[in-house]
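Asks: what shape does this take:
(chains A and B)
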2 protein chains.
Amino acid sequence: MPDDDPYSAEAFRRNGRAVVDLLADYLAATFRSDGKVLDYSPPTELLARWPPLGVRDDRRESLAELIPRLLADSHHLHHPRYVGHQVSPPLPAAALAELVSALLNNGMAEYEMGPAANAIEKRVIDWLGVVLGFDSPVEGMLTSGGSAGNLTALAAARQSIDGLDVWQAGLTDLPALSILASEQAHYSVDRAARILGLGAAGVVRAPTDAQYRLDPSGLEEARLRAQDSGRRVFAIVGSACSTATGAFDPLEAIADYAEEHGLWFHVDGAHGAAAALSPRYRPLVAGIERANSVVVDAHKMLQMPALVTAVLFRGAGSSSRAFHQDQSYVGFRNVDDEYPWWDSGLRTLECTKRMMALELYATLTQHGIELFRTYVEQTFDLARTFAGLIRAAPDFECAVEPQANIVCFRHTPAGAEHDLDGLQLRIREAMLDDGGFYIVKTSLPTGIYLRTTIMNARTSEEDLRALLQSVRSLAASCR
Amino acid sequence: MPDDDPYSAEAFRRNGRAVVDLLADYLAATFRSDGKVLDYSPPTELLARWPPLGVRDDRRESLAELIPRLLADSHHLHHPRYVGHQVSPPLPAAALAELVSALLNNGMAEYEMGPAANAIEKRVIDWLGVVLGFDSPVEGMLTSGGSAGNLTALAAARQSIDGLDVWQAGLTDLPALSILASEQAHYSVDRAARILGLGAAGVVRAPTDAQYRLDPSGLEEARLRAQDSGRRVFAIVGSACSTATGAFDPLEAIADYAEEHGLWFHVDGAHGAAAALSPRYRPLVAGIERANSVVVDAHKMLQMPALVTAVLFRGAGSSSRAFHQDQSYVGFRNVDDEYPWWDSGLRTLECTKRMMALELYATLTQHGIELFRTYVEQTFDLARTFAGLIRAAPDFECAVEPQANIVCFRHTPAGAEHDLDGLQLRIREAMLDDGGFYIVKTSLPTGIYLRTTIMNARTSEEDLRALLQSVRSLAASCR
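Replies: Prediction:
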């Protein structure tokens, strides 16, 4: 196989079938929980199994030969006992759509670079706008990841400040600017503020309640504190939901506060905005339709492969104003004078991008939207069931009641009171080495907790019962 | 097909084969130049063929049903007569690797999220470092696109300024900061400066020579001009090559200037850094190994699907210093104290990202590196051949002699002297509607030119002769 003509359609057909077969075998095995979730090796040990690339004379290996090695050294997200990070085990159909996208490679920055891709992106953005309850017209685009999405939205917010033109003037000599966000906001909000030139004080922290939701009663104090130190607060971020515990900030109250004080209201809905798909869970995001901007990661709760992030803006013009530039070699055809949805490069920090809307459009039309609602409800429900199991166990406790599909808990066996944090860390490490489950950890004001996110539609209550049992036995062996 | 179990491995196998077959048929047809390069429809007309997504009750369509419609409304980059934008017709094997990446979806931000993916990324970065001639140790990461790459590098540059800690302090009250770049630098450099809070004067323009290369003799005047207006120049960007004409800035002279004045030297090698693969064309990028940072888009001259961008840093620590933050829920395992290549989220503006290194690693090991050198030489050579054809024709002229695989030219038939710009624009539009070729346009100080980039290994001299003939007949019909 290595000596095929690299540009042969028939070699693509033959190799493509072999790749599909290997991946189908992998899917079948992981779905039935064969093998470890992750067969962990330390970085340097694993690296030794992946030879350096030579500069001239190089080793040949076909993709079909490489895949088994890759599978052995990768994480198996489709394994029902992967309950770690908020990364989706992608819908198999979405991965196939990505193959189409990768081969066609229509670049998207302007309409001509990817006509269908741009039209499909508009349909996806419009659909998300309806799902979230936005009034028309909604404006927006897809971008490469939630961090880029938050940066895009906050750049637009920075450009919306009355009387300032940061895009033109730069920040030197302007008043220092700050964004209000809770202590639990994702680190990409802080990172975006720093990239935007606002520094460490670019995010002013509002306190949270006992459920780690932003506490609106603390907003005024936080804003005044910033103001007293000479900073102008121009935006407020609501998390829907937070990363550590899945807490949904009270978006209605934040929207009220933002309106009252003329602040840009951004919702980081990377993980939880999908709750809007479910009539039962929609109340968690009530008020999201009042945001000036919302970020949604389709590679989290919409079961897409990374990265497919939507940035939605309420009201026309916000995003194009934020990124206005002349680009003489990009050929924008003056078709008519409506909102130019088709030239997405005008409105993002990206130029060329993948035709990423295809994955979502194709899976929505293939499987139907009901599948996505069911997925949200099933994973959110199962987190509540899991919390019930934890509550019922005398040797476990939850950090908080789960609001989304994220559960933080810890093992509290008798006699371990003096070193609960150390115990959780040892359990986490032992579980990583064991490989029967994959979970992560988080640090909260009350201590260190084991953290699980239920991302797999095949994860069952039985798996979660087994997880608690596994924690018990690993703890017994590592205390 | 629409009613398959969405999580069935066997449905994935069956549908996957159908998708591969459709794409193989597409490849075979486009490689033999069947049909139009792009069957252009205006945005609103095309959009009508892509129905909105319903919120509840929705239309079903399998991916295999959707693909033919998608192909009809998309650009066909594998068509040898696509000679437009700098977007690669991806190697078919790279698209298959992307399918693997999409299904496995190992998220990359930390080692545990994608062990093999992180190791492979290190191998790719190390290889590129050797190709570019960097001394070890090279540091770097892959990121989602050249714009994100330039932003990442320039954020690191901003953080490298002696005596300033912009990441901590923010820009207010600091001296105004500027980056030196030529008038031909890609718009993402200006965009990055504005995102970083430097404003429109954040890029100080150095003049170019008649070949649109940065003219080093103009650097001091430009820097002093910025200094006189109260700005501190901290970085200089060399383009390798420019987007409009493919001009390579003189990197050695820029490196000398940067050293002399203590400036961060960034090379935007998105398109042309790959010249380093060819002994014949390597002189175009002489001095690139002296840069503090380099951006390389593998989705341009390394034949990858978008987006695969490498950001390389000379010297350790530059990138981690630029993005330092605490992220308590990300579990960095303290394995040993060497440079933590395995936790790439520490060093980029991204968090979750695709396992994008796989495409490059897999195609390099499958096809061998020689294929990539050949590709660079073949496309660069063919541009020179094309320029020769243009020079030999009495009714055509080149804007400049091509340095890369980008050729800007215009049609100058007798009697059209009074409206050459208008003629080129009309030709471009007529060609878009005709669909026999795809080319773009660019605006240069001497006027408007037709612009071609030879990205397809199957494009021949015969195709380019036919292009000139097509320009002639379209011009005759639209004058």
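
Asks: contact residues of the stretch 351-479 of chain A facing chain B?
Replies: Within reach of chain B by C-beta under 8 Å from any C-beta of the partner chain, the stretch 351-479 of chain A has these residues: A:351-354, A:358-359, A:361-371, A:428-429, A:432, A:440-443, A:451, A:457-458. Heads up, the C-betas are built off the backbone N, CA and C, glycines and all.

Asks: if you set the cut-off to 7 Å instead, what comes out?
Replies: A:351-354, A:361-362, A:364-369, A:371, A:440-443, A:451, A:457-458 (C-beta under 7 Å from any C-beta of the partner chain).

Asks: toward the C-terminus, what is the element adjacent to the worst-scoring helix or strand of chain A on mean pLDDT?
Replies: Across the helices and strands of chain A, mean confidence by mean pLDDT, DSSP states H and E is lowest for helix A:318-322: a mean of 65. For helix A:318-322, the following helix or strand on the C-terminal side (DSSP states H and E) is helix A:357-367.

Asks: what segments of the stretch 151-300 of chain A are strands?
Replies: With DSSP state E, counting those that start in this stretch, the ranges of strands along the stretch 151-300 of chain A come out as A:176-182, A:203-206, A:231-239, A:264-268, A:293-297.

Asks: do you know which of those lies nearest A:Pro250?
Replies: Ranking these by proximity to A:Pro250 (C-beta to C-beta) places strand A:231-239 first, at 7.8 Å.

Asks: partners of the closest one, with directions?
Replies: Here strand A:231-239 is paired, per DSSP bridges, with strand A:176-182 (parallel), strand A:264-268 (parallel).

Asks: returning to that earlier point: so which of the strands of the stretch 151-300 of chain A is the most packed in?
Replies: Counting by mean count of other C-beta atoms under 10 Å in any protein chain shown, strand A:293-297 has the highest mean neighbour count of the strands of the stretch 151-300 of chain A, with a mean of 31.

Asks: which other helices and strands does that strand contact?
Replies: The contact analysis (3 or more C-beta pairs under 7 Å, 6 or more residues apart in numbering or on different chains; DSSP states H and E) places strand A:293-297 against helix A:146-159, strand A:264-268, strand A:309-314.

Asks: can you add mean pLDDT and give those back as CSV?
Replies: Below are the helices and strands packed on strand A:293-297 laid out as CSV (pLDDT from 0 to 100):
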stretch, mean pLDDT
helix A:146-159, 96
strand A:264-268, 98
strand A:309-314, 95
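
Asks: would you turn those into a markdown table with distance to B:Asp39?
Replies: Compiled in a markdown table, the helices and strands packed on strand A:293-297 are given as follows (distance: least, C-beta to C-beta, whole Å):
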| stretch | distance to B:Asp39 |
| --- | --- |
| helix A:146-159 | 32 |
| strand A:264-268 | 40 |
| strand A:309-314 | 28 |
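
Asks: go through the ones you listed and name the closest to B:Arg32.
Replies: With C-beta to C-beta as the criterion, B:Arg32 lies closest to strand A:309-314 of the helices and strands packed on strand A:293-297, at 37.8 Å.

Asks: are that closest one and chain B in contact anywhere?
Replies: No: judged by C-beta under 7 Å from any C-beta, strand A:309-314 stays clear of chain B, getting no closer than 9.4 Å.

Asks: what lies in contact with that strand?
Replies: Under the criterion C-beta atoms under 7 Å, 6 or more residues apart in numbering or on different chains, residues A:125, A:128-129, A:132, A:134, A:138-146, A:148-149, A:152-153, A:156, A:291-298, A:319 lie in contact with strand A:309-314.

Asks: show the pLDDT at A:Thr348.
Replies: With respect to pLDDT, A:Thr348 has a value of 79.

Asks: please read the previous query as pertaining to A:Ala457.
Replies: Value listed for A:Ala457 in the pLDDT field: 97.

Asks: count of residues packed around the closest residue to it other than its chain neighbours?
Replies: Once flanking residues are discounted, A:Ala457 sits nearest to A:Tyr375: 5.7 Å by C-beta to C-beta, 6 or more residues apart in numbering or on different chains. Neighbour count for A:Tyr375, taken as other C-beta atoms under 10 Å in any protein chain shown: 23.
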